[in-house]
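> coords below, sequence missing:
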């Protein structure tokens, strides 16, 4: 789709979401009873605005994606679908179902008005779907890979934590509570040790709480957070690498 036309569609989606602010808030309050995850209309608008400057290759594909149901992630996937001219089925495990359904209703209405032959829908079960992607949901990946050949695992927000120091207990609790509140997968490797963290951890980010100087010197690299909060910078928009992994432009390591 030509860039100006696509951006006009995105602007229409922004307008519809703004006009639905009150309804989104009502649904958010209902969803919050079952999933302690907060969302803001202003952040939906920001996500869409940033995608106006991101170029995505037209793919004309169909994807089935398992994600944690964070509406920001669902919105990212929907915009990627529009810009790549692809249909997407999304399994969110009933997370924030009211907000997610309303956002996708708005998006699909704009898609239909512009006569695009794609659809973005929420599904509960898969039938004969192919091209399956599990974003962070490693348990589902490990189950589905037994019977599905065309399946990929992509880590995004999930984290693995190792701690050997009580000094960072308060920070540890803050990280843990935030991950749970945002429905982010978190694995703790206290018993397995730091070697287990790197051998078995499937998370995108590794978090180490320690005073061990050997570890402090050894693990200073990207996506490894030592004695700091991995969520200090909020991540709303998928980076180009992640977008390319989703649409299949780069190889993704499969987890077994």
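Done, it's in. What you see is a predicted model; the values in this text were computed from it and never measured.

> and residue 27, how many neighbours does it have?
By other CB atoms under 10 Å, 21 other residues sit near residue 27. The way it works is simple: take the backbone N, C-alpha and C, and place the C-beta from them, glycine included.

> ok, it to residue 100 distance?
9 Å (CB to CB, to the nearest Å).

> the strands in the stretch 1-150 of the chain, which residues?
Counting by DSSP state E, counting those that start in this stretch, the stretch 1-150 of the chain has strands at residues 62-66, 87-91, 120-122, 132-135.

> and the nearest residue to residue 145 once chain neighbours are set aside, what does it touch?
Counting by CB to CB, 6 or more residues apart in numbering, residue 145 lies nearest to residue 151, which is 5.4 Å off, once chain neighbours are set aside. For residue 151, the contact set (CB atoms under 8 Å, 6 or more residues apart in numbering) comprises 132-134, 141, 144-145.

> now flag whichever of these is closest to residue 93.
Checking the contacts of residue 151 against residue 93 by CB to CB gives residue 134 as the nearest, at 11.6 Å.

> OK, contacts around that closest one?
Residue 134 neighbours (CB under 8 Å, 6+ apart): 65-66, 140-141, 144, 151-154.

> how about the contacts of residue 151, which pair is most distant?
Spatially, the most separated pair among those is 133 and 145, at 11.9 Å (CB to CB).

> between these two, who's got more neighbours?
residue 133 (24 against 17).

> ok, that one touching residue 247?
No: look at residue 133 against residue 247 with CB atoms under 8 Å: they stay out of range, at 9.8 Å.
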